[in-house]
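# model this:
(one chain, ligands or ions: 2)
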Amino acid sequence: MIPLYHDLSDETVLVVGGGAVGRRKALNFAEEARVVVVSPAFDDELCEAAAAPSSIELVRALPDTETIPEWIDRVSPALVVAATDDRAVNAAAEAAALEAGLLVNRTDVSGGRDPGSVVVPATVADGPVRVAISTGGRSPALSKTLRERIGSEIEGAGAMAELTGTLREELSEAGVDPSTRREAIRRVVRSEGVWKGLQKGRSKGRNEANNVIEEVVDR
Ligand SMILES: C[C@@]1(CC(=O)O)C2=NC(=C\c3[nH]c(c(CCC(=O)O)c3CC(=O)O)Cc3[nH]c(c(CC(=O)O)c3CCC(=O)O)/C=C3\N/C(=C\2)[C@@H](CCC(=O)O)[C@]3(C)CC(=O)O)/[C@H]1CCC(=O)O
Ligand SMILES: NC(=O)c1ccc[n+]([C@@H]2O[C@H](COP(=O)([O-])OP(=O)(O)OC[C@H]3O[C@@H](n4cnc5c(N)ncnc54)[C@H](O)[C@@H]3O)[C@@H](O)[C@H]2O)c1
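Ligands and ions are numbered 1, 2, ... in the order given. A predicted model of the protein is given here:
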């Protein structure tokens, strides 16, 4: 499996099954996409999330292996999440999604996936920096623990990404040649002084970065 970051804004995700796992997936995808959850019963926390202004819509129904394709037709999702506790229904949702050429996430299997199926990784973000972890389906609990550890590791990386994004544009506009620019940016992201400066605020980080850049770029 190759990790990719997928833009789901303006797309719909259909979650079949509204238990604890369906809720976790719905909340995750609702950060970006419209989410429709179809289930005969819903987790309380999911009901609360859908009652507040959100992009989650709950539909109380009991699709079976025969009617799953109709739900896919009606909702027109980009991704189908099979999250019921009924293996046959999950398998039917997977088959119907693949038949329709859509992405599918089976939550009740870890290996032996069909082409087109996707795994949802554990993710942790700091601003625009986002780390995704998968164990290839072998140990979701390990993914979760690693995510918690990596969270403290990437603290401040969002501010560093914003700063170096700006510096890259400025150096480019100033006509600094690409190899010098690359060297300058590499030194900034490796500089302890810049990381420490950013902890105190953007302008402190910026000042430290300017010192590092002066060593490389003649401005
Ligand atoms: C990362 C995370 C993302 C998310 O779901 O949001 C995620 N599972 C999380 C937690 C978690 N899941 C499970 C436990 C209990 C402990 C354990 O069994 O390990 C815990 C831990 C907990 O709850 O504390 C049980 C479990 N999970 C799957 C099965 C089926 C099977 O293995 O056959 C079973 C057994 C069910 C049973 O026995 O009945 C399957 C999948 N779960 C995946 C993702 C995909 C593989 C990711 C990878 O490659 O590592 C995959 C393959 C499919 C998918 O769902 O995409 C999320 C952490 C979110 C966070 O960061 O907090
Ligand atoms: N991927 C993961 O991280 C993970 C973690 C734990 C469990 N699981 C797997 O995911 C499945 C769901 O776990 P859970 O804890 O959410 O279970 P759960 O029992 O809390 O929820 C299952 C939900 O599916 C609904 N449902 C049942 N039949 C349905 C149908 N025909 N159509 C639509 N909805 C239907 C139920 O009403 C319920 O809301 C489990 O069977 C397990 O294999 C996956």
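
# How many neighbouring residues does whatever residue of the chain ends up closest to ligand 2 have?
Evaluated by C-beta to the nearest ligand atom, the chain has G19 as its residue closest to ligand 2, separated by 1.8 Å. Backbone N, C-alpha and C define where each C-beta goes, glycine included. G19 has 16 neighbours, counted by other C-beta atoms under 10 Å.

# Tell me which residues are up against stretch 200-216.
159-160, 162-164, 167, 171, 180, 183-184, 187-188, 191, 193-198, 219 (C-beta atoms under 8 Å, 6 or more residues apart in numbering).

# Only the buried subset of those residues, as a PyMOL command please.
Buried residues within the contacts of stretch 200-216, by 16 or more other C-beta atoms under 10 Å, are selected in PyMOL with:
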select buried, resi 159+160+162+163+164+167+171+183+184+188+191+194+195+197+198
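
# just checking, what's the longest helix in the chain?
helix 157-173 (DSSP state H).

# So which other helices or strands are in contact with that one?
Judged by 3 or more C-beta pairs under 8 Å, 6 or more residues apart in numbering; DSSP states H and E, helix 157-173 is in contact with strand 122-126, strand 129-133, helix 178-190, helix 192-200, helix 202-214.

# could you redo those as JSON lines and give each row distance to A93?
Listed next are the helices and strands packed on helix 157-173 as JSON lines, based on distance: least, C-beta to C-beta, whole Å:
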{"stretch": "strand 122-126", "distance to A93": "23"}
{"stretch": "strand 129-133", "distance to A93": "23"}
{"stretch": "helix 178-190", "distance to A93": "43"}
{"stretch": "helix 192-200", "distance to A93": "45"}
{"stretch": "helix 202-214", "distance to A93": "47"}
